[in-house]
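A.B. asks: Model the following, please.
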Amino acid sequence: KVLSYSENMISDFPDWIGTDLTELEYIAVQANLISSTIPPSLARLPHLDQIYFHQNEWDNEFLPGFSPSVLPLDDGDGDGEYMYVPYPSLRTIVCWRCNLNGTVPSAIGLLPRLEQLTLSRNELRGTLPETMSNLTRLTNVNFEENALTGTIPPSLGG
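C.D. replies: A predicted model of the protein is given here:
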């Protein structure tokens, strides 16, 4: 349930981790030389609770597979589809100095269990989404040293 490859010289993050290790709860691969992309398959790990990816050179916009998607499966309401929300158990995201770029997606508000979000020292830009107000358990937030603009959402003390 734990995968830790911290402080090694790993340069690639294998996609099979998100498909073969379905019971994984904790991933720590900080302080490596990883410059590949974060596998989108991680978004489907139902028990993934903590992600520690800091001090790598990922080639990503935020976390892959992060946007919710409507899947053609029946959830019992008769419409033949249901909303799949990625990272359903995630409480901790620590990705500082990871070369993450782009914007913080509004879908972040779909992580009701999120308590810690550390995205400092990246290349994130734009404004923080208002959907962050849905993160009622969020107690630790760090966005320092990015290129963010605008105002801090009121739910975060702005």
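
A.B. asks: pLDDT score for residue 138?
C.D. replies: According to the prediction, residue 138 has pLDDT 92.

A.B. asks: Please name the bridge partners of the nearest residue to residue 2 once chain neighbours are set aside.
C.D. replies: Nearest residue to residue 2 in three dimensions, chain neighbours excluded: residue 26, at 4.6 Å (CB to CB, 6 or more residues apart in numbering). Placement of C-beta: from N, CA and C, glycine included. Residues in a beta bridge with residue 26, per DSSP bridges, are residue 2, residue 50.

A.B. asks: Let me see the contact set for residue 26.
C.D. replies: Taking CB atoms under 8 Å, 6 or more residues apart in numbering as the definition of contact, the neighbours of residue 26 are 1, 2, 3, 4, 48, 49, 50, 52.

A.B. asks: What distance do you get for the fourth one to residue 147?
C.D. replies: The spacing between residue 4 and residue 147, counted by CB to CB, to the nearest Å, is 31 Å.

A.B. asks: How about the last one?
C.D. replies: Counting by CB to CB, the separation of residue 52 from residue 147 is 23 Å.

A.B. asks: pLDDT below threshold where in this structure?
C.D. replies: Screening the chain residue by residue with the criterion pLDDT under 70, one finds the ranges 59-86, 158.

A.B. asks: Compare residue 52 and residue 147 (neighbour count), which wins?
C.D. replies: With other CB atoms under 10 Å as the criterion, residue 52 and residue 147 differ in neighbour count, and residue 52 comes out ahead with 19 against 10.

A.B. asks: Which residue, other than its chain neighbours, is closest to the more buried one?
C.D. replies: Closest residue to residue 52 in three dimensions, ignoring its sequence neighbours and counting by CB to CB, 6+ apart: residue 28, at 4.1 Å.
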